[in-house]
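Asks: for reference, the sequence and a predicted model appear below.
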Amino acid sequence: MASDVSAAILAPEFSEPEIAAPRRFRTLRELLRKKIAVLAIGYLLLFYVCGIFAPLIAPYGLNEQELTVEARLQSPSSDHILGTDRLGRDMFTRVLYSARTTVVFTIVIMISGGLFLGLGLGLLAGYRGGWVDTAIMRTGEVLSGMPTLILMLAITASFRGRINSWSFWLEDHTFLGDDAKTLVKFTIISMATVPFAWLGSSRIVRSQVLAIREQAYITAAESLGAGTPRILFRHVLPGVMPLFLVGLSSGMAGIAGAEVALSYLGLGIDDPAASFGNLIGDVNGSRFFEQYPHLLIAGAGPVILFFFAWNLLGDALVDVFDRRQNQRR
Amino acid sequence: MGPGLAGYIIRRLLWAVPVLFLISITVFAMLRLAPGSPIDAILGQRYTEEQAAVLRDKYGYDDPLPIQYVKYIGNLAQGDLGVSTRHRDFTASEIIWPKVWISTQIGFIALIIVFGLGIPVGIYAAMARGTFIDPLTISFWLAIEAVPTFVLATLASWFFALKLGIVDLGYEGVWSPNMIVPIMVMTLPGVAGVARFMRASVIGVLGEDYIRTARAKGLKEQTVVITHITRNALLPMITVIGLSLPGITAGSLFVEVGFGIPGIANESLQAVLAPDYDVVLALVLFGATLFVLANVAIDILYGFIDPRVRVGAGRGQ
């Protein structure tokens, strides 16, 4: 799989159309030649589609429960393809809704922490330099060295006491109704995750900006009188984007993992809303696993594959860019 | 190490001071402004206002926040980390350091295993580049990395303790054989990161001229891999090892909770939930300080190992 990619790149008769083709989709096309990357992208697409359309796909309601002995802890059957949990709720439905939580969470963090903070602060640090740069990078350095989980716990724990009053207020005063509670919890775990989500990507962006800033076309743009925003967005940003996306995809599993870990500890999304964290928390434990292995496999499997797919995709992207840089040398 | 390096180190250390202050103020304010209070934790559900007032006075919680903070920093400057309200009548130091020591020993063993496995795996994958073995090896470790620690803990303890019945899981000290499964759970997910880094590093070295020279003069492949490739590829690894050193003192929360290890990660979770103000603050500041020191130590080390590294000019760019 990897060998035919390198062969295609190294052999001149294959690399010619490469050069003629538009640069824009080069990364994507190089990526699609890797079978592992295709599988990873395919699974991620499936996961995101399932998450977004969870209410349409789910065969049962999220909290449709049946507390009879026969209905609880069922093995997989045609009625419940992944079985049922302790409260007789359909496991497949809960997995779909958990995927929805993960999907929304990763998108929220990607936009706020990754795009807004990571890209923004990285651009600022790299382009401005001086004390702005030092302040941003040193803060990032120390934040990345902090006991992240403890700080996340401290943040969630300190806001958690206010959850009820906030969510009751929202329930009464806005259109949100029952969703208000979940929304508030969601906001809190996002607040606990965002301060740590920008560290990796901003470092990547900054080093790219430093390299690009020295290029002749930036000097040319400056001497033509282009303003800072124009230079940043028209000239620097396009060069920064590819590696930024690589960094983002490598960090994705970690970001989604933070929500799962917090929810597992009971400090993130909890019942009645679904998250892989509380789903796994419900069915975890080696004795329970011995009796009902399908529940842990059903609850943890999809999200493990989700992390795995992001890891693989990140790895494949790094590989594509490494190879490109080696070629340039 | 010339004057440039010394100046650079001093600047780095000076930068750490405002950052640490900022962290301490933020965490301090966050803890104090949060709804829960140690008084509730100590006195439980029902208590009279007088009882609470006595305790508030004892711990100085009735002072305005800025005064409390200044007092805290004043004590900290004298090496006093404050008191633990969760374990009453103990100081924060008495609670923290024994548990930090437990976690650090475990973390150190885990660190050695992670790098001891990850480095050879990375070299192996890099040398097998172009064959299916390379992506297969890396993907295998990436798959393990994807399993959350609390799931891995369940699977490992089910397999080794219940199915095979070859180990017990109760905590009997750091050096008991019961620690094998917890340490395995702690280390296996970390191998992928080290292996990937090592792989990239080796691939970078493979393109260097001196490797071609070494091969051209007819050295045995084994000699080339060990003395020429590995030694040079290990150089960037110093940063990774150095930066993971402070982390080992923090312990692994899910491993400690999952296997009942009385380490510091377990304590920090309880301290955050209680809340136990001084213990949380001490832990956060301890972690941050160690990290800053590790960063500076890495820079000094590089100056000694590789004279080409010009600290101050090229570094950190």
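Replies: Received it, and whenever you're ready, just let me know what you need.
Asks: closest point of the stretch 201-317 of chain B to chain A, which residue?
Replies: B:Phe291 (2.7 Å; C-beta to the nearest C-beta). C-beta coordinates here come from the backbone N, C-alpha and C atoms, glycine included.
Asks: go through the helix or strand where that residue lies and flag the buried ones.
Replies: Using DSSP states H and E, B:Phe291 falls within helix B:277-305. Residues B:277-296, B:298-299, B:302-303 are the ones in helix B:277-305 that count as buried (16 or more other C-beta atoms under 10 Å in any protein chain shown).
Asks: sorry, back to before: hmm, A:Leu143 and the residue of the stretch 201-317 of chain B closest to chain A touching each other?
Replies: No. Here B:Phe291 does not reach A:Leu143: they are 9.4 Å apart, not a contact under C-beta atoms under 8 Å.
Asks: in the chain, which residue is most central in space?
Replies: You didn't say which chain, so I picked chain A. With distances taken as C-alpha atoms, centre = their mean, A:Met252 lies nearest the centre of chain A, 3.4 Å away.
Asks: I was after chain B.
Replies: Nearest to chain B centroid, counting by C-alpha atoms, centre = their mean: B:Gly247, 0.9 Å.
Asks: excluding its backbone neighbours, what's nearest it?
Replies: In space, not counting the residues next to it along the chain, B:Gly247 is nearest to B:Gly107; the distance is 7.2 Å by C-beta to C-beta, 6 or more residues apart in numbering or on different chains.
Asks: and the one helix or strand that neighbour maps to, what does it pack onto?
Replies: Assigned by DSSP H and E, B:Gly107 falls within helix B:92-127. Contact here means 3 or more C-beta pairs under 8 Å, 6 or more residues apart in numbering or on different chains; DSSP states H and E; on that basis helix B:92-127 packs against strand B:83-84, helix B:133-145, helix B:180-206, helix B:237-244, helix B:264-273, helix B:277-305.
Asks: mind redoing it with 10 Å?
Replies: Contact here means 3 or more C-beta pairs under 10 Å, 6 or more residues apart in numbering or on different chains; DSSP states H and E; on that basis helix B:92-127 packs against strand B:83-84, helix B:133-145, helix B:180-206, helix B:231-233, helix B:237-244, helix B:253-259, helix B:264-273, helix B:277-305.
Asks: who touches the first one?
Replies: With contacts defined as C-beta atoms under 10 Å, 6 or more residues apart in numbering or on different chains, strand B:83-84 is touched by B:38, B:58-60, B:75, B:89-96, B:267, B:271, B:274, B:276-279, B:282.
Asks: could you rerun that using 6 Å?
Replies: Strand B:83-84 is contacted by residues B:90-92, B:95, B:276, B:278-279 when judged by C-beta atoms under 6 Å, 6 or more residues apart in numbering or on different chains.
Asks: list the strands paired with it, with their directions.
Replies: The sheet places strand B:83-84 alongside strand B:90-91 (antiparallel), with pairing taken from DSSP bridges.
Asks: tell me what angle the helix or strand harbouring B:Asn75 forms with helix B:277-305.
Replies: Here B:Asn75 sits within helix B:65-77, counting by DSSP H and E. Here the directions of helix B:65-77 and helix B:277-305 differ by 50 degrees (axes from the mean of the first three to the mean of the last three C-alpha atoms, to 10 degrees).
Asks: go ahead and list the helix or strand containing A:Leu170.
Replies: Assigned by DSSP H and E, A:Leu170 belongs to helix A:148-173.
Asks: remind me what that helix packs against, helices and strands.
Replies: When contacts are defined as 3 or more C-beta pairs under 6 Å, 6 or more residues apart in numbering or on different chains; DSSP states H and E, helix A:148-173 sits against helix A:179-197, helix B:264-273.
Asks: hang on, the earlier thing: can you point out the buried residues in the helix holding B:Gly107?
Replies: B:92-93, B:95-96, B:99-100, B:102-107, B:109-111, B:113-115, B:117-119, B:121-127.
Asks: now it: how far from the chain's centre is it?
Replies: 8 Å (C-alpha atoms, centre = their mean, to the nearest Å).
Asks: and that helix with helix B:237-244, angle?
Replies: Using the same axes, to 10 degrees: helix B:92-127 against helix B:237-244 is 150 degrees.
Asks: what mean pLDDT does helix B:92-127 get?
Replies: Helix B:92-127 shows a mean pLDDT of 94.
Asks: just want the angle from it to helix B:133-145.
Replies: Helix B:92-127 runs at 160 degrees relative to helix B:133-145, counting by the same axes, to 10 degrees.
Asks: so B:Met186 touches B:Ser252, yeah?
Replies: Yes. Judged on C-beta atoms under 6 Å, B:Met186 makes contact with B:Ser252 at a distance of 5.0 Å.
Asks: which one's more surrounded, the two?
Replies: Higher neighbour count among B:Met186 and B:Ser252: B:Ser252, with 29 against 26, using other C-beta atoms under 10 Å in any protein chain shown.
Asks: can I assume B:Asp168 sits in a helix?
Replies: No. Going by DSSP: H, G, I helix; E, B strand; the rest coil, the assignment for B:Asp168 is coil, not a helix.
Asks: find the nearest non-adjacent residue to it, please.
Replies: B:Asn178 (5.2 Å).
Asks: just the pLDDT for the one you found.
Replies: As predicted, B:Asn178 sits at a pLDDT of 87.
Asks: these two touch, right, it and B:Glu172?
Replies: Yes. Using C-beta under 6 Å, B:Asn178 makes contact with B:Glu172 at a distance of 5.4 Å.
Asks: quick one: B:Leu188 from A:Leu232, how far?
Replies: 43 Å (C-beta to C-beta, to the nearest Å).
Asks: repeat that for A:Gln291.
Replies: 58 Å.
Asks: does the helix of greatest length in chain A reach chain B?
Replies: Counting by DSSP state H, the longest helix found in chain A is helix A:293-328. Yes. Judged by C-beta under 6 Å from any C-beta of the partner chain, helix A:293-328 and chain B are in contact via A:300, A:304, A:307-308, A:311.
Asks: tell me which parts of the stretch 151-300 of chain B are close to chain A?
Replies: Applying C-beta under 6 Å from any C-beta, we find that the stretch 151-300 of chain B lies next to chain A at B:151, B:154, B:157-158, B:162, B:250, B:253, B:268, B:272-273, B:287-288, B:291.
Asks: closest to B:Ala29 among those?
Replies: B:Val272 (15.1 Å; C-beta to C-beta).
Asks: for the closest residue to that closest one other than its chain neighbours, give its distance to A:Pro147.
Replies: In this structure, B:Val272 finds its nearest non-sequential neighbour in A:Leu153, 4.5 Å apart by C-beta to C-beta, 6+ apart. According to C-beta to C-beta, A:Leu153 stands 9 Å off from A:Pro147.
Asks: low-confidence ranges, chain A, go.
Replies: Where chain A drops to pLDDT under 70, the residues are A:1-25, A:145, A:160-164, A:175-179, A:325-329.
Asks: repeat the analysis, applying 50 as the threshold.
Replies: The model of chain A has pLDDT under 50 over residues A:1-21.
Asks: relative to B:Ala216, how far out is the closest residue in space to B:Arg215 that isn't next to it in sequence?
Replies: Leaving aside its sequence neighbours, B:Arg215 sits nearest to B:Val224 (C-beta to C-beta, 6+ apart; 5.9 Å). Distance of B:Val224 to B:Ala216, given as C-beta to C-beta: 10 Å.
Asks: got it, and A:Phe308?
Replies: With distances taken as C-beta to C-beta, A:Phe308 is found 41 Å from B:Ala216.
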